[in-house]
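> Okay, sequence plus prediction incoming.
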Amino acid sequence: MLTTLLFTVIILFVSVLLLCVKILFVKGGQFPNTHIEGNRALGKKGIYCAKTMDRIAARQQGLYDLMRETKG
């Protein structure tokens, strides 16, 4: 039982250490940006995350709002 627990803790420690190699050993290292907005190719196509799409949609005015503004 104790050997299994110790073996599990060692595997977890090594896994976390390997995931952090770039952050710990590279000057200015940081996690890669895996968010949609971090992808330039998707940004060029006009694809954003759901929160940004909602924000853009809220800023856009409908035809009714534009007609009301022009009438005064």
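Alright, I've got the coordinates.
> Quick check: can you list the domain ranges of the chain?
1-31, 33-72 (automatic domain parsing).
> Now do residue 15, the pLDDT please.
With respect to pLDDT, residue 15 has a value of 93.
> State the distance from it to residue 9.
11 Å (Cβ to Cβ, to the nearest Å). In short, each C-beta sits where N, CA and C put it, glycine included.
> least reliable of the domains of the chain going by mean pLDDT?
domain 33-72 (a mean of 79).
> buried set for that domain?
Buried residues in domain 33-72, counting neighbours by 16 or more other Cβ atoms under 10 Å, are absent.
> got the contact list for residue 42?
36, 48 (Cβ atoms under 8 Å, 6 or more residues apart in numbering).
> which stretch of helix or strand covers it?
Assessed by DSSP states H and E, residue 42 sits inside helix 40-44.
> Against which helices or strands is the longest helix along the chain packed?
The helix spanning the most residues in the chain, taking DSSP state H as the definition, is helix 2-19. Helix 2-19 sits against no helix or strand, with contacts defined as 3 or more Cβ pairs under 8 Å, 6 or more residues apart in numbering; DSSP states H and E.
> How far does the helix or strand following that helix sit from its chain's centre?
On the C-terminal side of helix 2-19, the nearest following helix or strand under DSSP H and E is helix 21-25. Centre-to-centre, helix 21-25 and its host chain are 20 Å apart (Cα atoms, centre = their mean, to the nearest Å).
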